[in-house]
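Trainee: Provide a 3D model corresponding to the input given below.
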Amino acid sequence: MERFYRKWTNSKDLIAQEVIVSETDLLISAEKDIKEAAEKLIKKFRAQIEDYIKKYPEFKTSLEPLQPPRPNLEQACSRFGLGIIRDMLEASNLAGVGPMAAIAGAIAEYVGKGLLSKTNQIIVENGGDIFIKSEKQRHVAIFAGDSPLSSKLSIKVKSQDTPCGICTSSGTVGHSLSFGKADACVIISKSAALADAAATAACNRVKTKNDIKPALEFALSIKGIQGALIVLGKDFGVSGDIELG
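Mentor: I've put the predicted structure just below:
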């Protein structure tokens, strides 16, 4: 799928660079060229996830949360550098979806945080899922497919609220599995992995405009979710700590 919405990116103070490794396709905006470092980080985290899937295939295929992490998972993740696995498991358990529902947000976040040693500001976009650390206010435009509201709504992101994750799930756009019909379900959280998982879970609940309000309430009931926005056709709803720009 051509990611034409990337043409809307307008961070004139940052350098935008596409970084592609296998199926991972990121648009990274930073203060300087960090492409080589980004590629290394993508390969590192992809390898961790792929190795974990070889040991536990259900991590890739399950559409439901796996059993809560073992008590020693935190220690094991620290020892083997598998923080991204821990975060995906925890996000899926909180949101009630499979672990892979958190993968795009998790990779955006882990790559973004890994690059902060080289740039003070970073925006990592991974298929509509964003990790952002900024020293100035930014505006994130909402792409909602054929909805008349597509590109007409945006979220204001204040510098003091970053780093954070802003993730979008859609039942009408893209190839990701969704059981809902929302054109866009956008979630804000300090954890991009959790925002990604929660966006999938909330989107799954939206079939008609009458589902928007309860889906927003569901999203905000998840510990760690700060704000939510749902678009379905010409209708939309907003809830929580989220400001339209």
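
Trainee: that's a helix at residue 45, yeah?
Mentor: Yes - under DSSP: H, G, I helix; E, B strand; the rest coil, residue 45 sits within a helix.

Trainee: what sits against it?
Mentor: By C-beta atoms under 8 Å, 6 or more residues apart in numbering, the contact set of residue 45 is 84, 106, 107, 110, 111. Backbone N, C-alpha and C define where each C-beta goes, glycine included.

Trainee: So which of those residues is the closest to residue 27?
Mentor: Closest to residue 27 out of the contacts of residue 45 is residue 111 (11.4 Å), distances taken as C-beta to C-beta.

Trainee: so can I have CSV of the contacts of residue 45 showing neighbour count, secondary structure and distance to residue 100?
Mentor: Formatted as CSV, those follow (neighbours: other C-beta atoms under 10 Å; DSSP: H, G, I helix; E, B strand; the rest coil; distance: C-beta to C-beta, whole Å):
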residue, neighbour count, secondary structure, distance to residue 100
84, 23, helix, 12
106, 32, helix, 10
107, 28, helix, 11
110, 22, helix, 15
111, 28, helix, 17
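
Trainee: Let me know the closest of the residues you listed to residue 32.
Mentor: Scanning these for proximity to residue 32, where the rule is C-beta to C-beta, the winner is residue 111, at 15.6 Å.

Trainee: Would you confirm that the closest one contacts residue 42?
Mentor: Yes - if you go by C-beta atoms under 8 Å, residue 111 and residue 42 touch, sitting 6.0 Å apart.

Trainee: Torsion angles phi and psi at the spatially closest residue to residue 206 that is not a sequence neighbour?
Mentor: In space, residue 206 comes closest to residue 182 once its chain neighbours are excluded; the distance is 4.0 Å by C-beta to C-beta, 6 or more residues apart in numbering. Note on residue 182: its backbone torsions stand at phi -60, psi 140 [degrees, to the nearest 10].

Trainee: quick one: strands adjacent to the one helix or strand residue 229 maps to?
Mentor: Counting by DSSP states H and E, the element that carries residue 229 is strand 225-232. Strand pairing for strand 225-232, using DSSP bridges, gives strand 184-189 (antiparallel), strand 235-240 (antiparallel).

Trainee: Identify whichever of those lies nearest to residue 24.
Mentor: strand 184-189 (20.9 Å).

Trainee: show me where this protein has helices.
Mentor: 35-55, 58-61, 73-80, 83-95, 103-115, 192-204, 212-221 (DSSP state H).

Trainee: rank those helices by mean pLDDT and give me the bottom one.
Mentor: Note on those: helix 73-80 shows the lowest mean pLDDT, a mean of 54.

Trainee: coming back round to it: looking at the helices of the chain, which is buried most?
Mentor: Of all the helices of the chain, helix 192-204 carries the top mean neighbour count, a mean of 32, counting by mean count of other C-beta atoms under 10 Å.

Trainee: how many neighbours does residue 21 have?
Mentor: Residues near residue 21, counting by other C-beta atoms under 10 Å, number 17.

Trainee: Provide a list of residues in contact with it.
Mentor: Residue 21 neighbours (C-beta under 8 Å, 6+ apart): 39, 42, 43, 46.

Trainee: pLDDT score assigned to it?
Mentor: pLDDT, residue 21: 96.

Trainee: cool, and residue 141?
Mentor: Value for residue 141, per-residue pLDDT: 90.

Trainee: hang on, it packs against residue 156?
Mentor: No - with contact defined as C-beta under 8 Å, residue 141 does not count as touching residue 156 (11.2 Å).
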